[in-house]
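Peer 1: predicted model and sequence below, questions to follow.
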Amino acid sequence: MVERSACAKGGLAAGAIYGLLTGIVSTAYIVLMKEQVIAQIRIALASVPGGVPITAEDIYPITLISAIPSALIYGVILGAILGMVFSFFYAELMGKNSRMKGLLFSILIIVALAIGEAAAPNHSLGIIMVNTNFLPLAPVGVALFLLFGFLNGVFYDRFSCKKKKRPS
């Protein structure tokens, strides 16, 4: 029987790394695609009923500053949840070790989300993507999520397979 808290810790650690890397990619995207990001913010502001007393240019620096912290928080929450889910399916997953099982787990989630995206566009695949508005970033999001799965397996071993101490 696997200790579930150890699995949550493993997922949390993998999620923190995933969130940090996703935040760095998001920050780079926000800086390099500044005009497109401001245009996206304008579109979002235009859809608010009654208007908003702030401009897209005013929101841009907030978006830039919050990219890494928000991605880190998201990664930690997602990681803890998926770490627990991983522990429930661990025995059923194919693979010779936890790293391969974690990678397979991520692939299965990506496939399930892609099926969900095909059924309801713009709803499910955004869970693992850095930014779904630009197709060139999709492989980056998938690669980072595969890394998350691999790390989930690494940390699964680290937190659930601790050696027992010898009595002194």
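Peer 2: Structure's in. What do you need?
Peer 1: which residues touch Met100?
Peer 2: Going by Cβ atoms under 8 Å, 6 or more residues apart in numbering, Met100 touches 94, 153. In this view, the C-beta of every residue, glycine as well, is placed from N, C-alpha and C.
Peer 1: SS state for it?
Peer 2: Assigned state for Met100: helix (three-state reduction, DSSP: H, G, I helix; E, B strand; the rest coil).
Peer 1: quick check: the gap between it and Pro139.
Peer 2: Computed as Cβ to Cβ, to the nearest Å, the Met100 to Pro139 distance reads 21 Å.
Peer 1: who does the lengthiest helix in the chain touch, helix- and strand-wise?
Peer 2: Assignment by DSSP state H gives helix 56-89 as the longest helix of the chain. Counting contacts by 3 or more Cβ pairs under 8 Å, 6 or more residues apart in numbering; DSSP states H and E, helix 56-89 packs against helix 4-32, helix 34-46, helix 98-119, helix 138-160.
Peer 1: what bits of the protein have low per-residue confidence?
Peer 2: Filtered on pLDDT under 70, the chain yields the residue ranges 1-4, 122-136, 161-168.
Peer 1: checking Gly50 next. Helix, strand or coil?
Peer 2: On the basis of three-state DSSP, Gly50 is classed as coil.
Peer 1: ok so, going back, which one of the helices and strands packed on helix 56-89 lies nearest to Phe88?
Peer 2: Nearest to Phe88, of all the helices and strands packed on helix 56-89, is helix 4-32, at 8.5 Å by Cβ to Cβ.
Peer 1: give me the buried positions along the closest one.
Peer 2: Of all the residues in helix 4-32, those buried under the rule 16 or more other Cβ atoms under 10 Å are 6-23, 25-27, 29-30.
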